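Enquirer: quick check, what structure comes out for this input:
(one chain, ligands or ions: 1)
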Amino acid sequence: MPEDIVVIGAGGFGRETLDVIEAINAASDEPRWNVVGVLDDAVGGIHLERLEARSYRHLGSITDNRELLDEVPHVTAIGDPKVRAAIDELVGGTLTSALIHPTAVVGSRTTIDDGVVVCAGAQLSTNLIVGANVHINPGAIIGHDTVIDEFVSINPGAVVSGEVHIERATLIGAGAVVLQGLRIGAGSRVGAAACVTKDVATGATVVGVPAR
Ligand SMILES: CC(C)(COP(=O)(O)OP(=O)(O)OC[C@H]1O[C@@H](n2cnc3c(N)ncnc32)[C@H](O)[C@@H]1OP(=O)(O)O)[C@@H](O)C(=O)NCCC(=O)NCCS
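Expert: A predicted model of the protein is given here:
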């Protein structure tokens with residue numbers, strides 16, 4: 001029997017997460033997940049149209065569905081790390097596994113915590129520790145022995161080298177490169193296409209090549 005799941009977030013990453021769930025189901029003999037519906041406080045207009053075009057139900061806001069969230073496992077599929085962390089604080093996490101697209105590659109001795117979403121074509125090397133509710137977007141590459149703390153988002157095509165420590169709720173922008181052995185401080189933001197050559201301070205935003 002497929003397990004029920006609720007997706008929080010009807011925006012771009014929410015619908016990408018639905019793709020991951022569909023791909024997991026398609027790759028299994030029996031569907032692994034049954035999507036009960038999607039929650040989003042602010043959804044409307046084009047996002048709702050795109051959701052309904054795929055026959056998924058918008059169940060309403062998070063506030064209106066607290067009892068459902070207590071009962072049914074949910075994944076918080078909102079790209080902004082800080083918003084995602086705030087929602088998790090509000091509703092708590094109940095998903096006891098990660099959602100990993102079948103085309104993602106996961107190396108040996110890599111551990112991936114609950115509520116993580118790994119999208120198509122991502123490559124995770126050996127001996128990584130990936131904390132709860134991390135998002136790894138399509139085509140991102142993470143090097144060996146890297147530690148990614150909870151609520152981090154690695155955007156599409158980013159390359160994180162080996163032995164890096166990315167602290168809680170950090171955003172690594174699309175196509176950014178992080179050189180080996182660095183510490184990327186909690187709540188920081190690395191701009192799209194940046195090349196990070198030095199540690200990034202807690203809460204800092206860095207852009208450019210080299211990133212400043
Ligand atoms: C770095 C980032 C977090 C800053 O966001 P922000 O605080 O809203 O910044 P703004 O858009 O107000 O831009 C501020 C300045 O930084 C510049 N800037 C923004 N992002 C930049 C980047 N990635 N590289 C170089 N410069 C950048 C802007 O041009 C602007 O410069 P100006 O003051 O001379 O006009 C954001 O721009 C970014 O790169 N986010 C990642 C985007 C991404 O990965 N998208 C894919 C989603 S799937």
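Enquirer: helix or strand with the lowest mean pLDDT in the protein?
Expert: Taking mean pLDDT, DSSP states H and E as the measure, the helices and strands of the chain show their lowest mean at helix 45-53, namely a mean of 89.
Enquirer: buried ones in that helix?
Expert: The neighbour-count criterion (16 or more other Cβ atoms under 10 Å) identifies His47, Arg50, Leu51 as the buried residues of helix 45-53. (Each C-beta comes from the backbone N, C-alpha and C, glycine too.)
Enquirer: residues in contact with Ile21?
Expert: For Ile21, the contact set (Cβ atoms under 8 Å, 6 or more residues apart in numbering) comprises Ile5, Val7, Trp33, Val35, Leu99.
Enquirer: if we can go back for a sec, so which residues make contact with the least confident helix or strand of the chain?
Expert: Ala10, Gly11, Arg15, Val38, Asp40, Val43, His58.
Enquirer: next: stretch 94-105.
Expert: With Cβ under 8 Å, 6+ apart as the contact definition, stretch 94-105 has outside contacts at 5, 17, 19-21, 23-24, 26-27, 69-70, 72-75, 106, 112-124, 130, 136.
Enquirer: picking up where we left off before, can you name the next helix or strand after the least confident helix or strand of the chain?
Expert: Scanning forward in sequence from helix 45-53, with DSSP states H and E defining helices and strands, the next element found is strand 58-60.
Enquirer: so which other helices or strands are in contact with that next one?
Expert: When contacts are defined as 3 or more Cβ pairs under 8 Å, 6 or more residues apart in numbering; DSSP states H and E, strand 58-60 packs onto strand 33-39, helix 45-53.
Enquirer: quick one: the first one to helix 45-53, angle?
Expert: Between strand 33-39 and helix 45-53, the angle comes out at 150 degrees (axes from the mean of the first three to the mean of the last three Cα atoms, to 10 degrees).
Enquirer: which neighbouring elements make contact with strand 33-39?
Expert: strand 3-8, helix 12-27, strand 58-60.
Enquirer: most packed of those?
Expert: When neighbours are counted by mean count of other Cβ atoms under 10 Å, the highest per-stretch mean among those falls to strand 3-8, a mean of 21.
Enquirer: please list the residues of the chain that sit near the ligand.
Expert: With Cβ under 6 Å from any ligand atom as the criterion, the chain meets the ligand at residues Asn137, Asn155, Pro156, Gly173, Ala174, Arg189, Gly191, Ala192, Ala193, Thr205, Val207, Gly208.
Enquirer: how about those in a markdown table, adding neighbour count, pLDDT and distance to Gly93?
Expert: Formatted as a markdown table, the entries for these read as follows, by neighbours: other Cβ atoms under 10 Å; pLDDT from 0 to 100; distance: Cβ to Cβ, whole Å:
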| residue | neighbour count | pLDDT | distance to Gly93 |
| --- | --- | --- | --- |
| Asn137 | 22 | 98 | 20 |
| Asn155 | 21 | 98 | 22 |
| Pro156 | 18 | 98 | 24 |
| Gly173 | 21 | 98 | 25 |
| Ala174 | 16 | 98 | 26 |
| Arg189 | 21 | 98 | 23 |
| Gly191 | 17 | 98 | 29 |
| Ala192 | 15 | 98 | 28 |
| Ala193 | 16 | 98 | 32 |
| Thr205 | 15 | 98 | 27 |
| Val207 | 14 | 98 | 31 |
| Gly208 | 11 | 98 | 35 |
